[in-house]
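Chemist: how does the following fold in three dimensions:
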Amino acid sequence: MAINLQKGQRINLTKENGTTLTQACVGINWGAIEKKSFFGGTSREAVDLDGSCILYDSNKNATEIIYFGNLKSKNGSVRHSGDDLTGDVNGDDGLDNEVITIDFSSLDTNVEHVALVLNSYKGQDFGTIPFASIRIYEGTPTNVREVFAKYDIANDISFKGHVAMVMGVFYKRNNEWKFNAIGDPTKDRKLQETIETVKRQYL
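Modeler: Model prediction:
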């Protein structure tokens, strides 16, 4: 599974040694916006990006939403590290600002899709952020074992002018989890709209 997925690629989560991936993380790392002043100095504007995870059942109904206001699913199978309101103010520290962890073995049996989305809380355009990258990987928040999808949204022109995106969707087929690397910006302004966009277009 040592693969860096491009948009639209799908993989199953069976590893080269035959075992199946049981836990995955999505890590989001971004920076504050630099603004130049009239006097030649620079100031930094805090950026509040929000990673969220939506669980859908076989009827495409959203059964749970794990986000900054609800940091873990009812049974603890999905956990959010907490809301980062600023981004890296002093330049890229190389660490993820928000991490969502998914334990596939503990998900409720009625969950068939696990969608990962990103919204800019204050409506700050992705194209104005100096750096913003997303990686979806096997491991834990403190132990990145294998990255299998990565997006650089600050330097991808397709994200300019947008404040929401669908990162990817894990989906269950014949009791096996697979992953669809989507990486598409959407026209949504709020998380609730993105939840409906995923249901309509990506499940």
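
Chemist: how many neighbouring residues does residue 136 have?
Modeler: 22 (other C-beta atoms under 10 Å). All C-beta spots, glycine's among them, are computed from the backbone N, C-alpha and C.

Chemist: whoops, I mixed them up, residue 65
Modeler: 18.

Chemist: does it count as helix, strand or coil?
Modeler: Under DSSP: H, G, I helix; E, B strand; the rest coil, residue 65 falls in the strand class.

Chemist: tell me who's in contact with it.
Modeler: Counting by C-beta atoms under 8 Å, 6 or more residues apart in numbering, residue 65 touches 52-55, 191, 195.

Chemist: which of these sit farthest apart?
Modeler: 55 and 191 (14.1 Å; C-beta to C-beta).

Chemist: neighbour count for these two, which is higher?
Modeler: Comparing residue 55 with residue 191 by neighbour count (other C-beta under 10 Å), the higher total belongs to residue 55, at 24 against 19.

Chemist: quick check: can you name the pairing partners of the helix or strand harbouring that one and their directions?
Modeler: Element membership for residue 55 (DSSP states H and E) is strand 49-56. Strand pairing for strand 49-56, using DSSP bridges, gives strand 62-66 (antiparallel), strand 113-120 (antiparallel).

Chemist: residue 189 is in contact with residue 121, isn't it?
Modeler: No - contact between residue 189 and residue 121 fails when scored by C-beta atoms under 8 Å: they sit 10.4 Å apart.

Chemist: show me what counts as buried in the helix or strand hosting residue 144.
Modeler: Assigned by DSSP H and E, residue 144 belongs to strand 143-152. Judged by neighbour count (16 or more other C-beta atoms under 10 Å), strand 143-152 contains these buried residues: 147-151.

Chemist: of the residues you listed, which is the nearest to residue 7?
Modeler: residue 151 (8.0 Å).

Chemist: wait, the closest one touches residue 185, no?
Modeler: No - between residue 151 and residue 185 there is no contact, the gap being 10.4 Å when judged by C-beta under 8 Å.

Chemist: how many residues are close by the residue lying closest to residue 159 once chain neighbours are set aside?
Modeler: Distance criterion C-beta to C-beta, 6 or more residues apart in numbering; nearest residue to residue 159, sequence neighbours excluded, is residue 126 at 4.1 Å. Other residues within reach of residue 126, judged by other C-beta under 10 Å, total 23.

Chemist: appreciated, that's everything.
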